[in-house]
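*Asks:* fold the stuff below for me.
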Amino acid sequence: MAEIVEAFKNIVGEANVLTKEMDTAYYRSGFRCGFGGAKAVVFPSTLVEQWKVLQVAVDAGCAIIMQAAKTGLTGGSSPSGFEYDRDVVIINVSRLRGLRLLREGTQVVAFPGTTLFELSQELKKIDRVPHSVLGSTTIGATVIGGVANNAGGALCKRGSSYTEFAIYARVNEQGTLELIDHLGIRNLGETPEEILTRLEAGEFTDADLIDDGRAASDNDYVNRIRNLDADVPNRYNADPKRLYEASGSAGKVACFAVRVDTFPAPKKKQVFILGANDPDHFVKMRRHILGTFVHLPEMVEYMNRSTFTIAEKYAKDVALAIKYLGTERLPKAYALKAKAEYLLNKISFLPKYLPDIFLYYASKLFPQHLPKRLLEYRDTYEHLLILVTADEAIDEARRFLENDWGRTDGVGFFECSEREQEAALLHRFSAAGAGIRYQNLHQRTTEEVLSLDVALLSSDPEWIEELPEELTKDMVLDLSYGHYLCHVFHNIYVFRKGTNMETIKTLMLERLTSRGAKFPAEHNVGHLYQAEPVVEAFHRQLDPTNSLNPGIGKTSKNRC
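*Replies:* This is a model prediction of the structure:
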């Protein structure tokens, strides 16, 4: 391995190759779950360097894990355990940032480390918005990461991150690295080095773009979501229509760039907060909006009362960090936290996740960060929706809320001010990590978190699940949040210490399967879910020697 590490250093420089356990700990761990071994973490700074690093790793027979911002929630962008049959190398592409606007910004070419936040900021200058809005946009989720993981995001009109235009490397049946250029740009060169150099330098024009009927976004989603009686969910990870080369690849190829659509920015936005105690009110409202509205909302985000309250208490530091530190500083802050956590966890008499415990108590020193009306609605209603509308949809939604919804007994709504709007959306995002933080602080009395990413049938009225006693008798926390119009939910459960979590998970998934649900919905299989046969076959086709991200979807980690 020493020779391989030296070869990496000759390509990217000594400072950009990490081998010490303390230095690599952050990159060997998942954002929410997962941890494993790796001999080196390598940081290329050009596309050609990425190609050369891949070549060295493939020739040496290493297992390769491609990694960017590491915001995935199922452990798919980090090693899982230490049982690989060969050395593991992580190639982190976070330094490979850059994008090229095409055709006056109606499309964009994004490189491996380009984040959705960076794309959003660039498109703001020309009054356009990206193909997707993810919860993890705020902490650095990348464009290519979203495409590779079928990331669905919160938008009601645009579905999963998807494109059929990509340039990527794969390891073929003979174990040889090859470049597949399906980006749809002419005259970039003949060799991989020529193509990648010219691409990164932007040595092409709109006249070089190829249009051959391929899609650069999930352009059918607005129609699928309106189908209230479909026999499959609106979007889910194993949808064969959304598995195409880099799209849904889950790290089984090494992507250099994708070409994706952008969209006109709304001229005006308005956020409404809706509350109800009877979930059937939301069912009727959802069917009315999808069945009759001319203009769909931008987003409709759901939280139950437990999620709101746990996030208020246990994710306060996340909301404050995003608001005051800004998104650019967060990845470095998380890396520093991981280093501290790695060192402190080696001290046997200290509790695990000590930095999390410190941040929780430090956040209590700050005043209440949520507006009064949000707190009042949490106290009044068990179920809350954040309804985000834009342009023509604003008046359509307002008329419905005033003339229909607002006249229903047991419900309520109000229009957000700018401060309330920002706080509500930030609170909804920070809720994603609240269950983990709760478990960290109660680690002596609880098992690891069970997190389920579920897509329900559009016609399923039981979106609030009534679980039997055998599943609830040892449950201490039941959180639910998600994308309501899309019928995609993230359910977080915490159980008492000693609970058989494998049995609980099996029973939960069996119940969901019997109702036609699919899982995962949008977070990809990672190392938490068994890949469906269609996904496993797709990944085997992309990576026949099992060289990249082996073990994904609970498959074998062994070569071939």
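
*Asks:* just to check, Tyr236 is in contact with Gly516?
*Replies:* No - with contact taken as CB atoms under 8 Å, Tyr236 and Gly516 are classed as non-touching, separated by 10.6 Å. (Each C-beta comes from the backbone N, C-alpha and C, glycine too.)

*Asks:* show me what contacts Leu456?
*Replies:* 233, 463, 487-489, 515-517 (CB atoms under 8 Å, 6 or more residues apart in numbering).

*Asks:* how about Asp218?
*Replies:* 131, 158-162, 235, 242.

*Asks:* now, of the contacts of Leu456, which are buried?
*Replies:* 233, 463, 487-489, 516-517 (16 or more other CB atoms under 10 Å).

*Asks:* re the thing from before, so can I have CSV of the contacts of Leu456 showing secondary structure and pLDDT?
*Replies:* Shown next, in CSV, are the contacts of Leu456 (DSSP: H, G, I helix; E, B strand; the rest coil; pLDDT from 0 to 100):
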residue, secondary structure, pLDDT
Pro233, coil, 95
Trp463, coil, 92
His487, coil, 96
Val488, strand, 95
Phe489, strand, 95
Arg515, coil, 94
Gly516, coil, 96
Ala517, coil, 96
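
*Asks:* now render these as CSV, adding distance to Ala25.
*Replies:* Shown next, in CSV, are these (distance: CB to CB, whole Å):
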residue, distance to Ala25
Pro233, 37
Trp463, 39
His487, 38
Val488, 32
Phe489, 32
Arg515, 40
Gly516, 41
Ala517, 36
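
*Asks:* for stretch 437-454, buried residues please.
*Replies:* Judged by neighbour count (16+ other CB under 10 Å), stretch 437-454 contains these buried residues: 437-441, 443, 446-447, 449-454.

*Asks:* just give me the closest of those to Cys255.
*Replies:* Asp453 (22.5 Å; CB to CB).

*Asks:* return the residues in contact with the closest one.
*Replies:* 73-74, 488, 490, 519-523.

*Asks:* let's go with 6 Å and repeat that
*Replies:* Residues near Asp453 by CB atoms under 6 Å, 6 or more residues apart in numbering: 490, 519-521, 523.

*Asks:* where exactly do the strands run in the stretch 451-560 of the chain?
*Replies:* With DSSP state E, counting those that start in this stretch as the criterion, the stretch 451-560 of the chain has strands at 475-483, 488-495.

*Asks:* ok, which of these comes nearest Ala537?
*Replies:* Here strand 488-495 is closest among these (CB to CB), at 24.1 Å.

*Asks:* elements contacting that closest one?
*Replies:* If you count contacts as 3 or more CB pairs under 6 Å, 6 or more residues apart in numbering; DSSP states H and E, strand 488-495 packs onto strand 450-455, strand 475-483.

*Asks:* neighbouring contacts of that strand?
*Replies:* 435, 439, 446-447, 449-455, 474-477, 479-482, 521.

*Asks:* thought Asn237 was touching His523?
*Replies:* No - with contact defined as CB atoms under 6 Å, Asn237 does not count as touching His523 (7.5 Å).

*Asks:* hmm, back to that, can you redo the contacts of Asp453 as CSV with distance to Ala390?
*Replies:* Output for these, formatted as CSV (distance: CB to CB, whole Å):
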residue, distance to Ala390
His490, 24
Phe519, 30
Pro520, 29
Ala521, 24
His523, 26
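
*Asks:* from those residues, which is closest to Leu228?
*Replies:* Distance to Leu228 across the contacts of Asp453 (CB to CB) is lowest for Ala521, with 17.7 Å.

*Asks:* now do the contacts for that closest one.
*Replies:* Contacts of Ala521 by CB under 6 Å, 6+ apart are 236, 453-455, 488.

*Asks:* what do you get if the cut-off is 7 Å, keeping everything else the same?
*Replies:* Applying CB atoms under 7 Å, 6 or more residues apart in numbering, one finds that Ala521 lies in contact with 152, 235-237, 453-455, 488.

*Asks:* excluding chain neighbours, what is closest to it?
*Replies:* With sequence-adjacent residues excluded and distances taken as CB to CB, 6 or more residues apart in numbering, Ala521 is closest to Ala455, at 3.6 Å.

*Asks:* what about the one you found, distance to Asn219?
*Replies:* 19 Å (CB to CB, to the nearest Å).

*Asks:* again with His295
*Replies:* Distance of His295 to Asn219, computed by CB to CB: 17 Å.

*Asks:* please report the distance of the residue nearest to Ala169 when sequence neighbours are not counted from Glu178.
*Replies:* Of all residues not flanking Ala169 in the chain, Ala254 sits nearest, at 4.4 Å (CB to CB, 6+ apart). From Ala254 across to Glu178, the span is 11 Å (CB to CB).

*Asks:* same check, this time on Tyr162
*Replies:* Note on Tyr162: its distance to Glu178, by CB to CB, is 23 Å.

*Asks:* between those two, which one's more packed in?
*Replies:* Using other CB atoms under 10 Å, the more surrounded residue of Tyr162 and Glu178 is Tyr162, with 32 against 12.

*Asks:* list the contacts of that one.
*Replies:* Contacts here follow CB under 7 Å, 6+ apart; on that basis Tyr162 touches 147, 217-218, 242, 247.

*Asks:* does the residue nearest to Ala521 touch Ala238 like I think?
*Replies:* No - assessed by CB atoms under 7 Å, Ala455 is found out of contact with Ala238, at 9.8 Å.

*Asks:* most widely separated two among the contacts of Asp453?
*Replies:* Maximum distance among the contacts of Asp453 (CB to CB): 10.5 Å, for His490 and Phe519.

*Asks:* host element of Asn10?
*Replies:* Using DSSP states H and E, the element containing Asn10 is helix 2-12.

*Asks:* ok, and what's touching that helix?
*Replies:* Helix 2-12 has contacts (CB under 7 Å, 6+ apart) with 17, 19, 40, 42-45, 49, 52-53, 56, 60.

*Asks:* mind pulling up the pLDDT for Arg329?
*Replies:* In the predicted model, Arg329 carries a pLDDT score of 68.

*Asks:* what's the answer for the one 3 residues further on, then?
*Replies:* Lys332 is assigned a pLDDT of 67 by the prediction.

*Asks:* and if you look at Lys241?
*Replies:* 93.

*Asks:* the helix or strand just after the helix holding Asn10 - contacts with which helices or strands?
*Replies:* Later in the chain than helix 2-12, the nearest helix or strand by DSSP H and E is strand 17-18. Applying 3 or more CB pairs under 7 Å, 6 or more residues apart in numbering; DSSP states H and E, one finds that strand 17-18 makes contact with helix 2-12, strand 40-42.

*Asks:* which of these sits most buried?
*Replies:* Of all the helices and strands packed on strand 17-18, strand 40-42 carries the top mean neighbour count, a mean of 25, counting by mean count of other CB atoms under 10 Å.

*Asks:* what about that one, average pLDDT?
*Replies:* Taken as a whole, strand 40-42 carries a mean pLDDT of 98.
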